[in-house]
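Asker: sequence below, structure please.
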Amino acid sequence: MGTTFSYLVLGVLRMSEKKIRVLMSKPGIDGHWRGGIVVSRAIRDAGMELIFGGFQNVQQIVEAAIQEDVDVIGLSIHSGAHFAYTQEVIDLLREKGVLDNIMILLGGVIPAKDFPKLKEMGVANVYGPGTLTKDIVEFIRTNVKK
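Answerer: Numbers count the residues shown, from 1 in each chain. Next comes the predicted model:
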């Protein structure tokens, strides 16, 4: 009887754990998909809930993040407009009152010299080509607000 009770309690605890929800999107119309898809699959395979936004404008990204109650927004940017898109996302999240609830991650062909400024703007981390997906997953698990 004690064993059955233990299994029931463990099952209830697992069901009540909130999965980390991640929105992956590409702001603008940049056609480079590979990195975003590889990272999306790793996030999904790690047991997180993935919302794949595909190509969206900033307004759509923020609205999807709010509607889907995400913990993380992952932006894949290859166009060179990483400062502009990031600032727009941050400004709109702040305007909607949810900036403190959502972690922002960037990936793509972003010069390493730009990483510090992006982090000063409020980005939690930036990933370039060659980043191991396990490192991204671990960063999310370690740093997402519970």
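Asker: going forward, measure contacts between C-alpha atoms and count neighbours the same way
Answerer: Fine.
Asker: where do the helices sit along this protein?
Answerer: Under the criterion DSSP state H, helices of the chain are mapped to 2-16, 34-45, 58-67, 82-95, 115-121, 133-143.
Asker: out of the ones you listed, nearest to residue 127?
Answerer: Closest to residue 127 of these is helix 133-143 (Cα to Cα; 8.0 Å).
Asker: which residues sit against the closest one?
Answerer: Identification of contacts with helix 133-143 by Cα atoms under 8 Å, 6 or more residues apart in numbering yields 20, 38, 39, 42, 43, 46, 72.
Asker: so, low pLDDT: which residues of this structure?
Answerer: 1-17, 30-31, 146 (pLDDT under 70).
Asker: circling back to that earlier point, weed out the non-buried ones from the contacts of helix 133-143.
Answerer: Among those, the ones that count as buried by 16 or more other Cα atoms under 10 Å are 20, 39, 42, 43, 72.
Asker: okay, buried residues for stretch 78-97 please.
Answerer: 78, 82, 85, 86, 87, 89, 90, 92, 93.
Asker: the second one contacts residue 110, doesn't it?
Answerer: I take that to be residue 82. Yes - between residue 82 and residue 110 there is a contact under Cα atoms under 8 Å: 7.4 Å.
Asker: about what we covered before: can I get the buried ones among the contacts of helix 133-143 in a markdown table including distance to residue 103?
Answerer: A markdown table is the format used below for those (distance: Cα to Cα, whole Å):
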| residue | distance to residue 103 |
| --- | --- |
| 20 | 11 |
| 39 | 16 |
| 42 | 18 |
| 43 | 15 |
| 72 | 5 |
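Asker: now, among these, which is nearest to residue 57?
Answerer: Comparing the buried ones among the contacts of helix 133-143 against residue 57 with Cα to Cα places residue 72 closest, at 17.0 Å.
Asker: show me what contacts that closest one?
Answerer: Contacts of residue 72 by Cα under 8 Å, 6+ apart are 20, 21, 22, 23, 102, 103, 104, 105, 140, 144.
Asker: with residue 56 instead?
Answerer: 25, 26, 27, 28, 29.
Asker: separate out the buried members of those residues.
Answerer: Among the contacts of residue 56, the ones that count as buried (16+ other Cα under 10 Å) are 25, 26, 27, 28.
Asker: next one: the first one from residue 59, what distance?
Answerer: In other words, residue 25. 12 Å (Cα to Cα, to the nearest Å).
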